[in-house]
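Colleague: quick one: sequence plus predicted model below, questions after.
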Amino acid sequence: MCYGGVESDVYTFGTAINAFCKGGKVGDAACLFLKMEEMGIAPSVITYNTLIDGYFRSGDSIEPYMLKNKMIKNGLIPSVVTYSILINGLVKLGKFDDADCVLKEMLDKGIVPNVVIYNTLIDAYCKVGEIGNASRMRDYMVSKGVIPNSVTYNSLVQRFCKAEHHSEAMDIWFRLLEKGFAANMITSNALIHRLCESGNRPEAFRILKVGWTLQCMFSFAAFLVTCSSSVVRGSAVQ
């Protein structure tokens, strides 16, 4: 079939819809989606996913649900990617309860969430200071047989540091290494910085020594700068 003088199929329309969505023109993408249907070209799961993501990027959380339901009505099965887009979009809009409902829907349908989906929820809870929910989500993913990865652990360490739960942050940091993952420099620096600020320089130095074997040079800089500044502050108080 031709549209605008160009031979059109699901791939052609999908490419154009993706371009519109990435360019922030979700309205144009939606019009093209409708035109596609009018021409008798059935959108694929990928096409639906693209438009759902486009709506979320525009701040709309209603249309994505409608599209997901329309997808099912038309005989398509939402994929793990579909649910990942839904959960990611909802948490970015601060709709955590809705995101949890989507996760439950996935599980009820027998669709296994991957580590990316769990990481999205964990990081979202961490960012709003709900450390308890983040930890529970990590435990839940493990109970479902999904293994946390370096992103999971790094995110938890950084957020525990920010919440000043230093002991828990250290435990997770060492667990990260025990699992064979690498602690990134941002994570190591954050932990060293918080330990020094709280006056726990021996533990900060212990982290530094382990980090040194992993060639975390920035951790050494963080240790020197933070410890120096804490000493200066202490002298000023005296």
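Modeller: Thanks, I have it.

Colleague: helix/strand/coil for V142?
Modeller: helix (DSSP: H, G, I helix; E, B strand; the rest coil).

Colleague: contacts only, for it.
Modeller: P148 (Cβ atoms under 8 Å, 6 or more residues apart in numbering). For every residue, glycine as well, the C-beta is placed using N, CA and C.

Colleague: can you read off the pLDDT for it?
Modeller: In this prediction, V142 carries a pLDDT score of 90.

Colleague: ok, now which ones touch I172?
Modeller: So I172 contacts 153, 156-157, 160 (Cβ under 8 Å, 6+ apart).

Colleague: how far away is the residue nearest the centre of the chain from P78?
Modeller: Centroid-nearest residue in the chain: T120, 3.1 Å away (criterion: Cα atoms, centre = their mean). Applying Cβ to Cβ, to the nearest Å, the value for T120 to P78 is 16 Å.

Colleague: go on, I17?
Modeller: Distance from I17 to P78, by Cβ to Cβ: 17 Å.

Colleague: of the two, which one has the most company?
Modeller: I17 (26 against 23; other Cβ atoms under 10 Å).

Colleague: wouldn't the more buried one be in contact with N49 here?
Modeller: No. The criterion here is Cβ atoms under 8 Å, and I17 misses it with N49 at 10.3 Å.

Colleague: excluding its backbone neighbours, what's nearest L176?
Modeller: Spatial nearest neighbour of L176, excluding adjacent residues (Cβ to Cβ, 6 or more residues apart in numbering): Y153 at 3.9 Å.
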